[in-house]
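Asker: Sequence first, predicted coordinates after that:
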Amino acid sequence: MGLSIHAQTEPPGLKCATVQINSDVILEWHNGINVCFPLNIYASQNINGPYSLIGTITTPGTTIFTHVGANGSSITWYYYIESDMGCSGSTGGTSDTITNTDPVEPDILRVSVDNGNTVSIEWDISPSAKTNAYIIYWDQNANNTFTPIDTVWGRYNTSTTHISTPSQRSETYTVASMDSCLNTGPFNNNTHNTILLDDTIDRCGPSITLDWTSYNDWSDGVDKYNLLLGLNGQAESQVAQVSNTTLTYEYTGINDGDQVCFRIEAVSNSGIISYSNQVCKNVNIVQPPSFTYISNVSVSNNTDIEVEYYVDKSADIKLFQIYRKEGEGNFKILAENKSFSTLDQVFKYTDQYDANDNNIDPSKFYYQYEIKPKDSCNNYYSSNISRSIKLDGEAKYNYTNNLTWNSYFDWLGGVDFYEVYRN
């Protein structure tokens, strides 16, 4: 007795149900290798049925049927096709159920900034069985006018990337579904926006203030925001966490010369993550002087006093203020020095005698000086205090001269000895 082998028949693959101008509905499908005719076409106005037979296709190879009088512009229909139940002894097959409405837009899961200018867009699978592709839209001009930028083919392909400018603005995207007949449904009105991170550095703090836009597009909302830091080329790590309503953070853990890169990680209440753009900075903190030193105060020409000083050359200095006091009086500002281009030098100031101004007289008083540098953060610092030497002489009756003078200070090493000269 011979053995008969029967192949399992395949149902036709329903592609789309397109409403025509006259409100008829055209069904289109593709036939697989083992599709058996006749094909029975069923329709219902309720997805759960009951379904009624509206047509039978007997001509093999046919891939189109018109539902005449469907009034598809006003009525929603659901369709499926069933292949011959007794074709060559097989059990037949039934297609997926599709509707004459436009394919349903998918729910967007997230938009997230990758490194650089690349944005990842991800969405759920469309609930419409006839979905064959997804159209990606971008608000190119930031005016709520969306432009299609990409087509992702395949109902189960649910992600893509796009090159834009997420470091300059919050980029907005949405998605629509399209069937095999190129009928495109409405795009999702719940658009998603990338997080835009910006920063302001306070060189005086020192600190970096980070501000970002909210990710307010998830239906279940944001749970928290995490601050991520990549320090000096190292891998990112979380350095702070803030609430879902906090959109700013002041980071103070920076040092001069650090290379820092920050990102914001938004976490939804269901655990979905979206990243902001990355901002990177080479930290240049205002450096206060570690020292300001008066190296010499000396009387010149018996009338003027020359002051020499220098400062830590790595400091960020805007100006020097020079103070003087007579004897043990009170310090008063004498002058400001703003005319310098480098700190790698010894600065000199001459306190000149002016007979008309009656300002100094080294023959009558010693004078004390102090230098106060002002850094770029408007903080003042103080040098050591140094004073001039006032020499007094008294002729004695025994043909000797008695010489007295005040001590000189303040060298770091102190005075070793004094030399007395005569002419």
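Answerer: Nice, thanks for sending it over.
Asker: mind listing the strands for the stretch 1-150 of the chain?
Answerer: Chain-ordered strands for the stretch 1-150 of the chain, with DSSP state E, counting those that start in this stretch as the definition, fall at 13-19, 25-30, 39-44, 52-57, 64-67, 78-83, 98-99, 108-113, 118-123, 131-138, 147-153.
Asker: between those, which gets nearest to residue 365?
Answerer: Ranking those by their distance to residue 365 (criterion: C-beta to C-beta) puts strand 108-113 first, at 69.6 Å. Backbone N, C-alpha and C define where each C-beta goes, glycine included.
Asker: Poorly predicted segments of the chain, please.
Answerer: 1-9, 33, 85-92, 358 (pLDDT under 70).
Asker: Residue nearest the middle of it, spatially speaking?
Answerer: The geometric centre of the chain, computed from its C-alpha atoms, lies nearest to residue 197 (C-alpha atoms, centre = their mean), at 3.0 Å.
Asker: Got the phi and psi for residue 114?
Answerer: Here is the backbone geometry of residue 114 (degrees, to the nearest 10): phi -80, psi -180.
Asker: Counting neighbours, what do you get for it?
Answerer: Counted with other C-beta atoms under 10 Å, the burial measure for residue 114 works out to 14 neighbours.
Asker: now swap in residue 52 and tell me
Answerer: In terms of burial, residue 52 registers 10 neighbours under the definition other C-beta under 10 Å.
Asker: related to what we said a few turns ago, who's the residue nearest to the centre of the chain bridged to?
Answerer: When bridges are taken as DSSP bridges, the partners of residue 197 come out as residue 212.
Asker: can you tell me which residues contact it?
Answerer: Taking C-beta atoms under 8 Å, 6 or more residues apart in numbering, we find residue 197 in contact with 210, 211, 212, 262, 263, 264, 276, 277, 278, 279.
Asker: State the distance from the first one to residue 152.
Answerer: Counting by C-beta to C-beta, to the nearest Å, the gap between residue 210 and residue 152 amounts to 34 Å.
Asker: got it, and residue 136?
Answerer: Counting by C-beta to C-beta, the gap between residue 136 and residue 152 amounts to 7 Å.
Asker: of these two, who's got more company?
Answerer: Neighbours of residue 136 and residue 152, each counted by other C-beta under 10 Å, are more numerous for residue 136; the result is 21 against 17.
Asker: Report how many residues lie close to the nearest residue to the more buried one once chain neighbours are set aside.
Answerer: Spatial nearest neighbour of residue 136, chain neighbours left out: residue 150 (4.1 Å); criterion: C-beta to C-beta, 6 or more residues apart in numbering. With neighbours defined by other C-beta under 10 Å, the count for residue 150 comes to 15.
Asker: same check, this time on residue 386
Answerer: When neighbours are counted by other C-beta under 10 Å, residue 386 comes out with 23.
Asker: which stretch of helix or strand covers it?
Answerer: Mapping residue 386 onto the secondary structure by DSSP states H and E places it in strand 385-387.
Asker: circling back to that earlier point, find residues that contact each of residue 136 and residue 152.
Answerer: Overlap between the contact sets of residue 136 and residue 152, as judged by C-beta under 8 Å, 6+ apart, is given by residue 160.
Asker: what's the offset of the helix or strand that comes right after the strand holding residue 386 from the middle of its chain?
Answerer: For strand 385-387, the following helix or strand on the C-terminal side (DSSP H and E) is strand 391-395. For strand 391-395, the distance between its averaged C-alpha position and the chain's averaged C-alpha position is 74 Å (C-alpha atoms, centre = their mean, to the nearest Å).
Asker: quick one: contacts of strand 391-395?
Answerer: Counting by C-beta under 8 Å, 6+ apart, 401, 402, 403, 404, 405 sit against strand 391-395.
Asker: Let me have the residues you listed in a markdown table, adding distance to residue 413 and secondary structure as columns.
Answerer: As requested, the contacts of strand 391-395 are arranged in a markdown table below (distance: C-beta to C-beta, whole Å; DSSP: H, G, I helix; E, B strand; the rest coil):
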| residue | distance to residue 413 | secondary structure |
| --- | --- | --- |
| 401 | 30 | strand |
| 402 | 29 | strand |
| 403 | 24 | strand |
| 404 | 24 | strand |
| 405 | 20 | strand |
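Asker: Could you identify the most distant pair in these?
Answerer: Of all pairs drawn from the contacts of strand 391-395, the one with the largest separation by C-beta to C-beta is 401 and 405; the distance is 12.9 Å.
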